[in-house]
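Undergrad: need a 3D model of the following:
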Amino acid sequence: MIPVTRRRGREDDRELQFSGWTSKVATYFSDSSAYWDDVYSSRTVQAQVYRNRMALVGEWATTVAERGAAAADVGTGAGHFAVFLAERGVRVAAIDASETMLGRVAENALRAGVADLVEPMACDVRRLELPTATCDLVVAIGLLPWVEHPELALAEMVRITKPGGHLIVTMDNASSVTRWLDPGWHVSVRGLIHWIRRHVVDHAVEELPVQLPAPMARREFTRLLFNAGLEPLRFGAVGFGPFTFLGRTVLPSGIGLRIDRLLQSLADNNVPWLRRIAIFHIAAAIKPARNDESAD
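TA: This is a model prediction of the structure:
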């Protein structure tokens with residue numbers, strides 16, 4: 001397995017790294033762990049989008065991570081992608097801040113017969129407990145929009161990647177069609193809606209324990225990668241549903257599924273304006289080898 005190293009052996013570090021924002025996010029995903037474990041197999045537009053996102057990441061990952069390679073799946077959730085890699089002979093550190101999620105990782109790896117290749121690890125993405133230059137591949141699906149400082153998270157992922165190794169990361173798109181159609185995705189509008197429901201119609205409103213995922217425009221996402229010292233190799237665009245208004249589905253499931261499939265097919269065939277309004281950016285990048293290392 002990938003060797004694990006604790007930061008200077010200080011037990012108080014764990015208390016520090018799971019404080020504040022990370023603890024809130026971990027609690028949110030722990031409380032909804034059943035949903036995130038089952039969503040990939042459900043027959044909804046959102047599930048279809050998630051499957052398509054994972055499929056594209058998987059397609060790219062298998063071209064750069066051969067059998068026996070070492071990988072980290074950061075923000076692994078229920079571990080579906082970690083299992084995907086392990087089934088192809090890749091050794092995977094499945095990393096998450098939610099102990100509940102990591103329990104599901106262990107169960108899913110055991111069920112798939114790859115428990116010996118998947119190592120669940122509880123740690124904050126800002127302090128990954130892996131040695132520097134350990135991984136041939138680092139993947140983060142759906143993680144960066146949920147972290148408080150994505151540049152710090154990405155820096156840690158770059159640190160554990162070997163020179164010449166690859167990273168595949170996703171980011172929510174600030175220009176996606178879902179955000180155009182549903183004002184409830186915007187923090188200011190969402191706050192106004194909650195205020196109206198609470199004070200005008202006297203309706204009980206359940207708040208999320210954390211803010212909605214923070215999106216980025218494609219240009220901002222590209223800048224984030226370059227600032228981390230990465231060389232982007234390719235970009236992808238995935239997802240055009242669910243089709244909602246103020247959080248409520250406005251199209252029957254069958255119609256929504258067909259529309260998403262049609263738009264995704266057109267985007268995959270390089271219709272540029274569609275790629276700009278997809279829900280998720282996906283990027284594959286390489287960590288350049290330094291001159292002294294490339295000469296070895």
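Undergrad: residues near Arg104, how many?
TA: 21 (other C-beta atoms under 10 Å). Glycine gets a C-beta too; all of them are placed from N, C-alpha and C.
Undergrad: let me know whether it touches Ala82 as I believe.
TA: No. Shown here, Arg104 and Ala82 do not form a contact pair, counting by C-beta atoms under 8 Å, at 10.8 Å.
Undergrad: what sits against Asp136?
TA: By C-beta atoms under 8 Å, 6 or more residues apart in numbering, the residues touching Asp136 are Val64, Ala65, Ala69, Ala70, Ala71, Thr161, Lys162, Gly165, His166.
Undergrad: pLDDT value on the fourth one, please?
TA: In other words, Ala70. pLDDT for Ala70: 98.
Undergrad: any idea what it is bridged to?
TA: Arg91 (DSSP bridges).
Undergrad: enumerate every residue touching it.
TA: Ile2, Val90, Arg91, Ala93, Thr134, Cys135, Asp136, Leu137.
Undergrad: separation between it and Gly89?
TA: 11 Å (C-beta to C-beta, to the nearest Å).
Undergrad: quick one: mean pLDDT over stretch 216-234.
TA: Mean predicted lDDT for stretch 216-234 stands at 96.
Undergrad: how about stretch 114-130?
TA: 94.
Undergrad: do me a favour and get the end-to-end distance for it?
TA: End-to-end span of stretch 114-130 (C-alpha to C-alpha, to the nearest Å): 21 Å.
Undergrad: could you list the low-pLDDT ranges of this protein?
TA: 1-19, 183-212, 246-247, 291-296 (pLDDT under 70).
Undergrad: could you pull out the helices for the stretch 51-200 of the chain?
TA: 80-86, 99-112, 150-160, 177-181, 187-199 (DSSP state H, counting those that start in this stretch).
Undergrad: make JSON lines from these and add distance to Arg223 to it.
TA: Shown next, in JSON lines, are the helices of the stretch 51-200 of the chain (distance: least, C-beta to C-beta, whole Å):
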{"stretch": "helix 80-86", "distance to Arg223": "26"}
{"stretch": "helix 99-112", "distance to Arg223": "30"}
{"stretch": "helix 150-160", "distance to Arg223": "10"}
{"stretch": "helix 177-181", "distance to Arg223": "20"}
{"stretch": "helix 187-199", "distance to Arg223": "22"}
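Undergrad: wait, which of those is closest to Val39?
TA: helix 80-86 (9.5 Å; C-beta to C-beta).
Undergrad: which residues does the most centrally placed residue in the chain contact?
TA: Nearest to the geometric centre of the chain sits Gly142, at 1.9 Å (C-alpha atoms, centre = their mean). Gly142 sits next to Arg53, Gly75, Gly77, Thr170, Pro213 when contact means C-beta under 8 Å, 6+ apart.
Undergrad: distance check, the residue nearest to Pro120 when sequence neighbours are not counted against Cys123.
TA: Spatially, and ignoring its direct neighbours in sequence, Pro120 is nearest to Leu102 (4.1 Å; C-beta to C-beta, 6 or more residues apart in numbering). Distance, Leu102 to Cys123, by C-beta to C-beta: 10 Å.
Undergrad: give me the neighbour count for Arg219.
TA: 9.
Undergrad: name the SS class of it, please.
TA: Under DSSP: H, G, I helix; E, B strand; the rest coil, Arg219 falls in the helix class.
Undergrad: tell me who's in contact with it.
TA: Arg219 touches nothing, counting by C-beta under 8 Å, 6+ apart.
Undergrad: again, but for Leu257
TA: Leu257 neighbours (C-beta under 8 Å, 6+ apart): Arg43, Val45, Gln48, Gly241.
Undergrad: please apply the same query to Gly241.
TA: Applying C-beta under 8 Å, 6+ apart, the residues near Gly241 are Val45, Gln46, Gln48, Val49, Thr178, Gly256, Leu257, Ile259, Asp260, Ile279.
Undergrad: quickly list what's touching both of Leu102 and Cys123.
TA: Contacts common to Leu102 and Cys123, judged by C-beta under 8 Å, 6+ apart, are absent.
Undergrad: is the residue nearest to Pro120 in contact with Glu119, as I believe?
TA: No. Using C-beta under 8 Å as the test, Leu102 is too far from Glu119 to be in contact (10.0 Å).
Undergrad: who touches both of these two?
TA: With C-beta under 8 Å, 6+ apart as the test, Leu102 and Glu119 both reach Ala94.
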